[in-house]
Every structure is written in C-alpha cells, then in structure tokens.
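**Q** Below: sequence and its predicted model.
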Amino acid sequence: MTLETWSHWLFISGAALLVAGWLGTAFVKDRQYERWVYWFGSLLGGSFISLSLAGRGWKVVVAAALCIAFVTVLQAYFKTPYIRIRGRNHAFSMQDSAPDPSDAKGDEPPSMPPRDSYPGRVTASKTWWLFVACVGFFGFGGALTEWNAKTLPAAAIVCLGALASGIDDATRKLPKARGQNTQAIIAAALSVSMAFLPPILYLIGYRIGAIRPMGYGLRDPVARHYAKEDDEPSA
C-alpha cells in the first residue's frame, strides 16, 4: 500500500469517526455516555485526520490537530454540556451549564432565568464577552484588510446588532449594556476602526426603546414575568 493510499483511507476513517462522535450523541440517552461518545470520536477521528497529512510535514499535522481541537471544544462549549471539569458543566447557556439530570434534585421546581439573561438562557456576562470578541474580530479584520465592499457588510451587521441590542435592553427596562460595563467599555474601544459607530448606535437604540418599547422584549416570557413586578406599586 502506497503512502498516498494509506493517507487517503486514514483520512476517510478519521472523518467517519469524527462525524460518528458528533452525531452519535443523538442516539445515546445517558449524559455521561454522550460525553464519552463525543470526546472519544473527536479525539480518535481528529488524530486519524491529522496523521493522514503526515506526508506534508509535521507542521501541517500539528496545525490540523489544533484546528480540529479548537472546533471540537468551541462546538462543545456553545452547543453542548459536554465540558465537565471537577463535577461542574461549563457551557455558554445556563441550560447546558446546569447539573446533569442524575445530579439534580427531582423535587426542585424549574427556576426563572435571571432578568438580564438573553433568549436561550444565556447570561448577560457571557453574551457581552461574545460581543467584545465579535467587535474585536470584525474591527481589526476590517482595519487590516481596509474597509471595502467585502468587509463593510460585516461592519454593518455589527452596527445593526448594536442598534437592535440597545432597543431591546431599553424595552426590557434593563440598565445600559445590562450592567456589563467592563465589556461595554472594551467593545467601544475596539470599535475605533468603525468610527465608534457600534456604541453610538447602541445608545441611540436605547433611547428609542425607552421612548417606544418594541420587539421581542415585549413578548419574551422572561420579560413579561419581570414586567409584572415593574407594574406593582412600591410599598
């Protein structure tokens, strides 16, 4: 068997194991077994794929392994409860960060998400750090490649997102940046290449939402729950 044929079949085997590990969790009912399937398939499949590139040099092998590991961990953090360290789940959403069903007490009623959480049960702190990463990525990317027809749409999306976020926060009667002042200051500083339009549009949106509440914040069950408290007269 030639080196090219060996690499070809090793790549196919690795890809099959990787896909099986990622999709196979849907057929497993136990949370712990789900983790094993996901991480075992990712580790073995990623190793096979990386080794299949050995003919191109060890640097390519290491780069491929790092890329696969990055995607695997990123997907696990944002979409699953599979990152478990010292008995605690670490994930982007509160739902995936919650204890496993086997660890939770059955007599505890489901809790209402915090008032400043985002749809999908995501904390304000984690969401605003994600905002910082997005502003920094697109801001520096646009500055390095120069703003043109290819990069301006990304900046426009960030600006529109800032405007919508401001309207939504004011509609829900939340403080500016939902109280995440550190992340807001960093994001504003990173928007220098966008002429500070994201923070400016956020403040404009916040003013609009304060004057005329609108959008999903009026329909979200979490916002409705706390809106009832706002309507109660203070003692």
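**A** That came through fine.

**Q** all strands for this structure, in order.
**A** Using DSSP state E, the strands of the chain run over residues 84-85, 88-89.

**Q** Mean neighbour count, these: which tops it?
**A** Compared across the strands of the chain, strand 88-89 shows the largest average neighbour count, a mean of 14 (mean count of other C-beta atoms under 10 Å). For glycine as for every other residue, the C-beta is placed from the backbone atoms N, C-alpha and C.

**Q** who touches that one?
**A** Strand 88-89 is touched from outside by 81, 83, 96-100, with contacts defined as C-beta atoms under 8 Å, 6 or more residues apart in numbering.

**Q** looking only at pLDDT, what's the mean for that strand?
**A** Per-residue pLDDT values across strand 88-89 average out to 89.

**Q** Provide the strand pairings for that strand, with the direction of each partner.
**A** strand 84-85 (antiparallel) (DSSP bridges).

**Q** With adjacent residues omitted, what lies nearest to the residue most central in space within the chain?
**A** For the chain, Phe78 is the residue whose C-alpha lies nearest the centre (C-alpha atoms, centre = their mean; 4.7 Å). Spatially, and ignoring its direct neighbours in sequence, Phe78 is nearest to Phe92 (4.7 Å; C-beta to C-beta, 6 or more residues apart in numbering).

**Q** Give me the distance between the one you found and Thr127.
**A** 9 Å (C-beta to C-beta, to the nearest Å).

**Q** what's the answer for Trp36, then?
**A** Applying C-beta to C-beta to Trp36 and Thr127 gives a distance of 30 Å.

**Q** can you check Trp39 too?
**A** 26 Å.
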